[in-house]
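Novice: Can you look at this prediction? I've put the sequence above it.
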Amino acid sequence: MKLLMILSLLAAISSAAAPKNILLICIDDLRPELNAFGADYIQSPNIDQLAQVGRPFHRHYVNAPSCGSSRFTMLTGRYGSPGNDALFKRAHQYADDPASVPPSMPEWFRKNGYTTVSVGKVSHHPGGLGGSDWNDESKIELPNGWDRYLMPCGEWQHPRGAMHGLSNGQTRTRKNYPALESVEGPDTLYPDGLIADEGMRQLEELASSEKPFFLAIGLIKPHLPFGAPAQYMKPYKDLSLPPIPHPEKPQGRTTWHSSGEMFGRYDHGGLDPRNDAAYADRVRRHYAACVTYADKHVGDIMSTLRKSGADKNTIVILWGDHGWHLGEHGIWGKHALFEESLRSPLIVYVPGMEKPGIKTEAVVSTLDLFPTLCDLTKVPVPDFITGESLSPMIKNPDTAGHIAYSYWGDKITLRTDTHRMILHRKDGFVELYDHTTPDKETVNIAAEHPDLVAELKSQLEAMRK
């Protein structure tokens, strides 16, 4: 009996001393419309379970409301250009002068003894390659980042086809490509089924190695088109969804846009959710089904982690790359600087963490992930990154956060604990919104509060320096 107790104690000490692994789950276009984040009409049991054992960050903001630019920040710990080509621009600079480009987050962990593997959409292109079909091995989106960068494509033939794939190998065409779909079939009916399966295979292999690992698995749904196996639509068939808050197009100058991705690249059969309440409701149900489909894969990945035994020494991050408007402000998409575009779910799980399951309302940023993971793994924090470690909030959810800085086009924004300021850089026009009032981001109060605007501009200049 004593021998067993000693062996158990030694095993615990060994586990605590071993370098911690990292499992990063990236989910595309995932707004914080989850049960664990207050949306009790959404079926997200697996993400909810992760939130119960981890630290859910309810006011996490991305640094840009688009896939490529947001993922640039997450993967480099630095601000970048606002376009989807941000990582490819960095790759071109790397090719010209490698010494001028600081290591990316996976490259930094490789340098510190980790095996790094990417599966699915982790950088902007699923699989992390360029070229016309996003499968050109000579055009790597994140040079020296991953030991393996994988993208199973199945019937979709190539990553470009899988990115916007509908069921059974359908790839996006320029015309008549449906925005919504629900078809009977298995999880592999859509590309995420293949991504999750490959991610689990890699997880099992990495867990059996003596080296610590950094595994990133990127799921595509709920990105457009909103297609998921029919079983994931069933929970929403007869459900009454809550009204869309502030659905009107805002008056005056804002970062409103006409939802070009939604309406310019997908077919809606002549219907428009902007003026058709029944179709708006249908779109929202399909988005919800895609969330539940993604949640199922999260559950499978977490189950594989537990079965491998590596869960006892693996940090898990669940991260949405940005938000998505479902009619708020009259927008159906991202690409704005409103709350709905910039706020996304973030959950951090650390084995043995204190006060698990308690949310934090601290304002934090995607930029904080790189220093946080260094802090939690005891890997040196490089001096070339920006951001602040989230360890204080992980230890104590009542810890205060910091201002979140984001950008898109020629506009930049600050989100404080109580306000959002948006600055139009071309002519200095300012939007200021008070989140302590029911108006939220519908009434621009900048003209009535010049002192607050001046203070926030001063803070913005200090951050930009």
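Specialist: Cool, the structure landed.

Novice: And the helices in the stretch 301-450 of the chain?
Specialist: 339-342, 369-377, 391-395, 450-464 (DSSP state H, counting those that start in this stretch).

Novice: Oh, that last question was meant for the stretch 101-250 of the chain, not what I typed.
Specialist: Using DSSP H, counting those that start in this stretch, helices in the stretch 101-250 of the chain cover 105-111, 159-163, 191-207.

Novice: can you redo those helices as CSV with distance to G260 and mean neighbour count?
Specialist: Quick note: C-beta positions are derived from backbone N, CA and C, even for glycine. What follows is these, written out as CSV (distance: least, C-beta to C-beta, whole Å; neighbours: other C-beta atoms under 10 Å):
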stretch, distance to G260, mean neighbour count
helix 105-111, 31, 22
helix 159-163, 17, 23
helix 191-207, 23, 22
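
Novice: Of all these, which one comes closest to S458?
Specialist: When the helices of the stretch 101-250 of the chain are compared by C-beta to C-beta, helix 105-111 sits nearest S458, at 30.9 Å.

Novice: Out of the helices of the stretch 101-250 of the chain, which gets nearest to T437?
Specialist: Nearest to T437, of all the helices of the stretch 101-250 of the chain, is helix 105-111, at 38.0 Å by C-beta to C-beta.

Novice: Which strands or helices does that closest one pack on?
Specialist: helix 67-76, strand 115-120, strand 213-219, helix 369-377 (3 or more C-beta pairs under 8 Å, 6 or more residues apart in numbering; DSSP states H and E).

Novice: can we see that at 6 Å?
Specialist: Counting contacts by 3 or more C-beta pairs under 6 Å, 6 or more residues apart in numbering; DSSP states H and E, helix 105-111 is packed against strand 115-120.

Novice: Can you give me the buried ones in the strand it packs on?
Specialist: Residues T115, T116, V117, S118, V119, G120 are the ones in strand 115-120 that count as buried (16 or more other C-beta atoms under 10 Å).

Novice: Nearest to I301, out of these: which one, please.
Specialist: V119 (10.0 Å).

Novice: Output the helices of the stretch 301-450 of the chain in JSON lines, with mean neighbour count and mean pLDDT appended to each entry.
Specialist: Shown next, in JSON lines, are the helices of the stretch 301-450 of the chain (neighbours: other C-beta atoms under 10 Å; pLDDT from 0 to 100):
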{"stretch": "helix 339-342", "mean neighbour count": "25", "mean pLDDT": "98"}
{"stretch": "helix 369-377", "mean neighbour count": "22", "mean pLDDT": "98"}
{"stretch": "helix 391-395", "mean neighbour count": "19", "mean pLDDT": "98"}
{"stretch": "helix 450-464", "mean neighbour count": "13", "mean pLDDT": "89"}
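
Novice: got TSV for those helices, with distance to A294 too?
Specialist: Formatted as TSV, these follow (distance: least, C-beta to C-beta, whole Å):
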stretch	distance to A294
helix 339-342	18
helix 369-377	19
helix 391-395	24
helix 450-464	33
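
Novice: Quick one: closest of those helices to I358.
Specialist: helix 391-395 (10.3 Å).

Novice: who are the neighbours of the closest one, in terms of helices and strands?
Specialist: Short answer (3+ C-beta pairs under 6 Å, 6+ apart): helix 391-395 packs on no helix or strand.

Novice: thinking again about what came up before, which pair of the buried residues of strand 115-120 spans the longest distance?
Specialist: Top of the distance list for these (C-beta to C-beta): T115 and G120, 17.3 Å.

Novice: Turn the helices of the stretch 101-250 of the chain into JSON lines, including distance to V430 and mean pLDDT.
Specialist: JSON lines is the format used below for the helices of the stretch 101-250 of the chain (distance: least, C-beta to C-beta, whole Å; pLDDT from 0 to 100):
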{"stretch": "helix 105-111", "distance to V430": "34", "mean pLDDT": "98"}
{"stretch": "helix 159-163", "distance to V430": "37", "mean pLDDT": "97"}
{"stretch": "helix 191-207", "distance to V430": "41", "mean pLDDT": "98"}
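
Novice: Take those and write them to a markdown table, including distance to S44.
Specialist: Below are the helices of the stretch 101-250 of the chain laid out as a markdown table (distance: least, C-beta to C-beta, whole Å):
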| stretch | distance to S44 |
| --- | --- |
| helix 105-111 | 27 |
| helix 159-163 | 23 |
| helix 191-207 | 15 |
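
Novice: Would you mind saying which of the ones you listed lies nearest L150?
Specialist: L150 lies closest, by C-beta to C-beta, to one member of the helices of the stretch 101-250 of the chain: helix 191-207, at 5.8 Å.

Novice: Could I get the CA-only coordinates of that closest one as PDB?
Specialist: The C-alpha trace of helix 191-207 is given here as PDB (Å, rounded to 0.1, in the frame of the first residue of the first chain):
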ATOM      1  CA  PRO A 191     -14.500  19.000 -44.400                       C
ATOM      2  CA  ASP A 192     -14.500  19.600 -40.600                       C
ATOM      3  CA  GLY A 193     -15.200  15.900 -40.100                       C
ATOM      4  CA  LEU A 194     -11.900  15.100 -41.900                       C
ATOM      5  CA  ILE A 195     -10.000  17.800 -40.000                       C
ATOM      6  CA  ALA A 196     -11.200  16.500 -36.600                       C
ATOM      7  CA  ASP A 197     -10.300  12.900 -37.500                       C
ATOM      8  CA  GLU A 198      -6.800  13.900 -38.600                       C
ATOM      9  CA  GLY A 199      -6.400  16.200 -35.600                       C
ATOM     10  CA  MET A 200      -7.200  13.200 -33.300                       C
ATOM     11  CA  ARG A 201      -4.700  11.000 -35.100                       C
ATOM     12  CA  GLN A 202      -2.000  13.600 -34.600                       C
ATOM     13  CA  LEU A 203      -3.000  14.000 -30.900                       C
ATOM     14  CA  GLU A 204      -2.700  10.300 -30.200                       C
ATOM     15  CA  GLU A 205       0.700  10.200 -31.900                       C
ATOM     16  CA  LEU A 206       2.000  13.300 -30.100                       C
ATOM     17  CA  ALA A 207       0.800  12.100 -26.800                       C
END
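
Novice: Report the angle between that helix and strand 115-120.
Specialist: When axes from the mean of the first three to the mean of the last three C-alpha atoms, to 10 degrees is applied, the directions of helix 191-207 and strand 115-120 differ by 170 degrees.

Novice: Next, the angle from helix 191-207 to strand 213-219.
Specialist: Using the same axes, to 10 degrees: helix 191-207 against strand 213-219 is 170 degrees.

Novice: what's helix 191-207 packed up against?
Specialist: Using 3+ C-beta pairs under 6 Å, 6+ apart: helix 191-207 touches strand 115-120, strand 213-219, helix 277-308.

Novice: how about TSV for those, with mean pLDDT and distance to L346 added?
Specialist: TSV is the format used below for those (pLDDT from 0 to 100; distance: least, C-beta to C-beta, whole Å):
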stretch	mean pLDDT	distance to L346
strand 115-120	98	19
strand 213-219	98	15
helix 277-308	98	14
